[in-house]
Each structure stands twice: as C-alpha cells, then as structure tokens.
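Student: A structural model of the following input is requested.
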Amino acid sequence: MEKGLALINCSIICIEENRIKKDMAILVEFTDAGGVFRKICAMDDFEIPSGFRKIDLDGKYVMPGLINAHVHLFSSGGPVKSMPGARAQKLIFTAVNTRIGKNALKRKMKSRLDAMLTSGVTTVRCVGDFLCQDVVLRNQVESGNLPRPRMKVSGHMISATGGHGAPFLSLAADTPDEGIALVRKFAGEGVDLIKICVTGGVSDAKRLGDAGKVQMKPKVVSAICDEAHKFGLPVAAHVQSSEGLKIALTAGVDTIEHGFVLDDELIALFKENPRSLKGYSYLVPTIYAALPGMIDKGITGFSDVTCKNSTMVFEGMLHGLKQALDAGIKIGFGTDAGMPYVTHYNTWRELYYLCKYGDISPCQALCFATINNAELMGIESTTGSIDVGKSADFIVLYSDPLQDIETLKSPLMVALRGNLIEHLHFRKDNKVESALDSIT
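Tutor: As a prediction, the model looks like this:
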C-alpha cells in the first residue's frame, strides 16, 4: 500500500512571495485524516522514501487549491433569463421538499461539487441553499464518506419578508426576535455561518434600484449578528448599496458579500469592527456574477431592468473593490456560482475578471482565493498554502499563473487531502462559454 506521493521536479508557486521556486520536491504523506505535506525542499536535498509513489512533474507548476467563498449549489449557473415567479418557486420548492426531491437535489449538488473540484477548487463556502442540504453534504464530506471539496455552509439565507431569496431560499425575519429564533434554529442544524440579505439583489429585482434597496431593518441585522456571535458563527451579508453597507458593518457582520461604493466611515468600519468576531470585516466581491448583464440581450433574454441593475451593481462593486484595495481592507474571493451564467467549473473567470477590471495582479487575485479565504473561513492552519503540516490540497498547472491567470481554466491535476485526480473531466456549457467570451 502506498504511503504517499513524492512529487519531483516541481515549480512551486509561492503566492505570499510572488515568486516561483524551481527544481523543488514535495512529499505528501497519507494519514488517517488524509494526505498532508510532510516535506518541501530543493531536489538536491531530496530522496524518495520507500513506499512513496514517484510523480515527475518535469518543471510543471504547483499551487495551493483554490477556495471559493461564495457558492450556491442549488442551481447549475446555466443561461437562465430570470428567476422563476412566486407560483413557479412554490411548485419547485414543493417538489424538492420530498424524499425523492431531496435525493435528486443532493445528486445535482454533488455533481456541482465535482465540477468545482476537477477545476481546481478544494474548499467551498456555501452561502444559501435549500432545506439545509448543504449541511447534509458537509457532514458526509467530513465523515470521509464523500470525496468532495471541504465545505463551510450556511443552510438557508435570512431575509425580510418579500426580500432577496424569500420565501424559499431565504427564511423571513422582520423583528429581532424572529432573527434570533432563526439563528438558533440554524445553529441547531449545524451550520458553519449565518447568511443574511440586507439589500435586494439583481436576480429577483423587479424595478431599477431594487438590487441595492435596503430590505432588512437595522435592529434585525444587529440582533442576528449578536446572536450568531454567541454561537461563534460568523455572519455573511449580501449587500449591494452603500446604505446597506453601513447597516451591515455597524451591526458587526463578518463578511460583506458583493459590496458597493465606500466612504471614510465604511472603510474605518471594515478595518476596525469591534462587533465582528475577528475585530475587522472582510469584503468578498463577485465581479463575475454582475457581468452577464453586459452580454447582448439577444443572447441572454434579460430584461432592461435586469441589465441596468446588473450594470449598476457591477460599477458600484468595482469602485468599492478598488477603494478597499487602496485602503488595505481584507479581501476574499467568491464567484456566486449558481447564478445565471456563473457555472461551478468557471472559478478561473473570477480571477481573470479581478485582474482585468480590478486592475490587480494575478498574484493578488490568487492570494484572495487561497491565503485570504483560508483566514476568512478560519481554516488557515489546515489549507490555503503549500506548507509542511497542511492538507495536501493543490493544483498542477502547465504554465505559470503569475504570468497567465487563464492557465487555470485547464489544470493538469488536482489533489484534495492528497487524493490525486489525474484525469480531469468536467462538462462545459457551450452556450454559457460563448456568451461570456463575447464580453469585451
């Protein structure tokens, strides 16, 4: 029986140092808890121990597995024109909320985890899924019965009545007591975080401006944060306006999902937030999810309202991202996978768009998606970098991603907890790919 892997002639991507270490060797040891990095050294100092499988990478590039901190598994991210109406949502939810329906949903969710894994994502944070089926899958992953990416999950989202995702993807809380009750309910179901929707979103907005309109009362946001923190649960807040940012940050949310234009007060709250768990708050922009509104409407079938809201959110989020970078705010990485045209295998596109529109370096983008996200999720001692003692989560690439971020669209190999996947197959949606490639 193999004791582990001996990777030789590697070029290791050192993201923290923005450089490549060439002619390196990596020893991965298999343990009861999974494969871990046991030794990392120059080839001249390396001897392959007995019982380890030798893999000669011939100079190819090795980097940490990607961490996607904003994912939904209930949807494929296919070319959907709009969210279903209330009646259709009720019919869908009724069908899913059965034994057969839940099993079918779990099969779909597993296939989306597969797509992420084979495209280089080894850890995900699910921020809104039906019927807490993400909790079920997370438990299976942690028990070792499901070889899929490491998961942190929120179960349902919490919104105001009629708010973003309500009443099926989000459960409603209109008073502090209702918010507290939902936090206790979700904590009892075993979630890793609480997801709230402070403002509206593009996907279910009916009018121009609805995407950033405040929907949740400040006192409800505050009560949810206080109660979640009593359980040690971080709070992630969907926010797409400056007004919503102030409400969320003042209440002590731990991560802002999407974001918008900042001012001095908001910047200060991000950097020093005494009501948050860590004493500061993260920004998790999702550039990719706002871009489909720029695709020709003849292709997407999106309404004028959807396109205009999407453009407004994109411009505000991009402005806020650049302000956050300048101010030294902690920044994470997420794609909003599951939203229209945001597939689970296309994580590389968010990295590409961050570089293209955010004017940041590939190294910065990769830092957000590895080191920063590991810290955001509280797993920095487990994963996020190629260091001795950490889980052997890594990607093997044909070329240097610090020079060409697009090399991540076609990895050569992916390893999760030392389990090496050498033949990577994930089905792409050609309609989605063609539409996204049309964006200039």
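
Student: And the worst-scoring helix or strand of the chain on mean pLDDT, what does it pack against?
Tutor: Between all helices and strands in the chain, the lowest mean by mean pLDDT, DSSP states H and E belongs to helix 86-96, at a mean of 76. The contact analysis (3 or more Cβ pairs under 8 Å, 6 or more residues apart in numbering; DSSP states H and E) places helix 86-96 against helix 99-118. C-beta: built from backbone N, CA, C; applies to glycine.

Student: Could I get the average pLDDT for the helix it packs on?
Tutor: For helix 99-118, the mean pLDDT works out to 94.

Student: related to what we said a few turns ago, buried residues in the least confident helix or strand of the chain?
Tutor: Judged by neighbour count using 16 or more other Cβ atoms under 10 Å, the buried positions of helix 86-96 are Gln89, Phe93, Val96.

Student: for stretch 234-247, same thing?
Tutor: Under the neighbour-count criterion of 16+ other Cβ under 10 Å, stretch 234-247 has 234-242, 244-247 buried.

Student: same thing with stretch 111-119?
Tutor: Buried residues in stretch 111-119, counted by 16+ other Cβ under 10 Å: Arg112, Leu113, Asp114, Ala115, Met116, Leu117, Thr118, Ser119.

Student: And the strands in the stretch 1-150 of the chain?
Tutor: For the stretch 1-150 of the chain, the strands defined by DSSP state E, counting those that start in this stretch occupy 4-14, 19-31, 34-42, 52-56, 61-64, 66-71, 121-126, 150-153.

Student: Turn those into TSV, including distance to Gln364, mean neighbour count and mean pLDDT.
Tutor: Converted to TSV, the strands of the stretch 1-150 of the chain look like this (distance: least, Cβ to Cβ, whole Å; neighbours: other Cβ atoms under 10 Å; pLDDT from 0 to 100):
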stretch	distance to Gln364	mean neighbour count	mean pLDDT
strand 4-14	13	21	98
strand 19-31	14	19	98
strand 34-42	23	18	97
strand 52-56	30	14	98
strand 61-64	14	25	99
strand 66-71	14	29	99
strand 121-126	19	29	99
strand 150-153	23	24	98
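
Student: can you redo the ones you listed as a markdown table with distance to Pro340?
Tutor: A markdown table is the format used below for the strands of the stretch 1-150 of the chain (distance: least, Cβ to Cβ, whole Å):
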| stretch | distance to Pro340 |
| --- | --- |
| strand 4-14 | 32 |
| strand 19-31 | 37 |
| strand 34-42 | 35 |
| strand 52-56 | 39 |
| strand 61-64 | 29 |
| strand 66-71 | 15 |
| strand 121-126 | 18 |
| strand 150-153 | 22 |
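
Student: nearest to Phe394, of those?
Tutor: Across the strands of the stretch 1-150 of the chain, Phe394 has its closest neighbour in strand 61-64 (5.5 Å, Cβ to Cβ).

Student: export the closest one as PDB, just CAs?
Tutor: Provided in PDB are the C-alpha atoms of strand 61-64 (Å, rounded to 0.1, in the frame of the first residue of the first chain):
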ATOM      1  CA  TYR A  61       3.700  24.400 -11.700                       C
ATOM      2  CA  VAL A  62       2.200  23.500  -8.300                       C
ATOM      3  CA  MET A  63       0.000  25.900  -6.400                       C
ATOM      4  CA  PRO A  64      -2.500  25.700  -3.500                       C
END
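
Student: in its sheet, what does it sit against?
Tutor: Using DSSP bridges, the strands paired with strand 61-64 are strand 4-14 (parallel), strand 394-397 (antiparallel).

Student: List of residues touching that strand?
Tutor: By Cβ atoms under 8 Å, 6 or more residues apart in numbering, the residues outside strand 61-64 that reach it are 7, 10-13, 15, 20, 26, 366, 370-371, 383-386, 393-401, 407.

Student: give me that answer again for 7 Å
Tutor: Strand 61-64 is touched from outside by 7, 10-13, 26, 370, 384-386, 393-397, 399-401, with contacts defined as Cβ atoms under 7 Å, 6 or more residues apart in numbering.

Student: picking that back up, tell me which of the buried residues of stretch 234-247 fall in helices.
Tutor: Per DSSP state H, helices hold the following members of those: Ser242, Gly244, Leu245, Lys246, Ile247.

Student: Among these, which one lies nearest to Leu137?
Tutor: For these, the nearest to Leu137 is Gly244 (30.1 Å; Cβ to Cβ).

Student: pLDDT score assigned to that closest one?
Tutor: Predicted confidence (pLDDT) for Gly244: 98.

Student: Give me the longest helix you can find in this structure.
Tutor: For the chain, the helix with the greatest residue count under DSSP H is helix 304-327.

Student: Quick check: which element contains Tyr288?
Tutor: helix 287-290 (DSSP states H and E).

Student: now Leu283
Tutor: Assessed by DSSP H and E, Leu283 sits inside strand 282-284.

Student: what's that strand packed up against?
Tutor: In terms of contacts (3 or more Cβ pairs under 7 Å, 6 or more residues apart in numbering; DSSP states H and E), strand 282-284 is packed against strand 255-258.

Student: buried set for stretch 141-160?
Tutor: Across stretch 141-160, burial judged by 16+ other Cβ under 10 Å covers 141, 146, 148-160.

Student: And the residues you listed, which is the shakiest by pLDDT?
Tutor: Ranked by pLDDT, the buried residues of stretch 141-160 bottom out at Leu146, which has 82.

Student: Run a quick check on that one versus Val136, I expect a contact.
Tutor: No: Leu146 is beyond contact range of Val136, at 9.8 Å (criterion: Cβ atoms under 7 Å).
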